[in-house]
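Enquirer: coordinates only, no sequence provided:
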């Protein structure tokens with residue numbers, strides 16, 4: 001049974017709603033996969049022409065997956081050839097499939113649960129929405145910073161404000177446990193962007209510095225954008241195009257700058 005969040009510290013919740021730190025028993029494998037699928041929903045419908053580069057037909061995809069498995073086994077035997085194998089893999093399958101994305105997000109959700117870093121909303125005893133928190137690395141001054149991510153709500157519970165409740169709770173918990181730590185989160189929603197700007201968060205567009213050869217590459221904003229872009233590009237080059245096209249932004253709040 002997941003741990004229920006202290007209601008005295010959390011905001012007043014609608015009837016039948018509670019915030020919990022779930023265990024694997026609270027979110028069974030199929031439900032984890034459903035939350036993961038919600039995280040990648042829309043990716044393939046928005047990729048448009050780029051997607052054709054990697055998934056032109058079922059036959060092409062089957063061949064690609066077989067070659068990938070073969071190359072993966074070869075790379076395990078010849079570690080010194082890792083770079084060459086990596087280049088070949090990108091030529092064979094320039095984008096992950098939808099199932100690849102779902103598997104990756106499912107593992108990410110399970111990791112957050114095991115670490116006690118996933119929050120969930122239960123509505124009438126059923127898990128309806130989740131969000132993750134994690135220590136993301138070091139800020140330039142060597143402070144740990146924290147990220148809020150992996151937000152997913154089941155479709156039958158959409159429109160009930162569960163995302164807002166969870167993201168506010170995640171932010172509250174991070175600030176309570178790590179009062180001096182910077183916090184990062186991301187969004188492409190223009191309404192959320194407006195609210196974050198009004199609340200004092202700093203926006204870093206995902207394409208920050210790409211069209212400006214004179215940008216200060218030592219600035220915090222450029223370093224944040226570049227790190228995010230590299231992480232996505234290493235995972236899937238086509239996904240990076242989608243993030244830029246969708247006008248995704250990274251926001252950060254540094255309590256030392258307020």
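Expert: Received the coordinates, thanks. The shown structure was predicted, so the numbers you read here are calculated from the model rather than taken from an experiment.
Enquirer: mind listing the strands for the chain?
Expert: 3-4, 17-21, 118-123, 126-138, 144-153, 183-187, 202-205, 249-253 (DSSP state E).
Enquirer: could you dump the ones you listed to TSV with mean neighbour count, distance to residue 163 and mean pLDDT?
Expert: (Glycine included, C-beta is placed from N, CA and C.) Converted to TSV, those look like this (neighbours: other C-beta atoms under 10 Å; distance: least, C-beta to C-beta, whole Å; pLDDT from 0 to 100):
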stretch	mean neighbour count	distance to residue 163	mean pLDDT
strand 3-4	12	20	56
strand 17-21	19	12	95
strand 118-123	24	9	96
strand 126-138	19	7	94
strand 144-153	20	6	94
strand 183-187	20	10	93
strand 202-205	17	19	96
strand 249-253	22	15	95
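Enquirer: redo those as a markdown table? Include distance to residue 30.
Expert: Below are these laid out as a markdown table (distance: least, C-beta to C-beta, whole Å):
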| stretch | distance to residue 30 |
| --- | --- |
| strand 3-4 | 23 |
| strand 17-21 | 19 |
| strand 118-123 | 16 |
| strand 126-138 | 12 |
| strand 144-153 | 14 |
| strand 183-187 | 27 |
| strand 202-205 | 36 |
| strand 249-253 | 32 |
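Enquirer: please name whichever of these is nearest to residue 104.
Expert: strand 144-153 (11.1 Å; C-beta to C-beta).
Enquirer: list the helices and strands that closest one packs on?
Expert: Applying 3 or more C-beta pairs under 8 Å, 6 or more residues apart in numbering; DSSP states H and E, one finds that strand 144-153 contacts helix 29-40, helix 98-115, strand 126-138, helix 162-177, strand 183-187.
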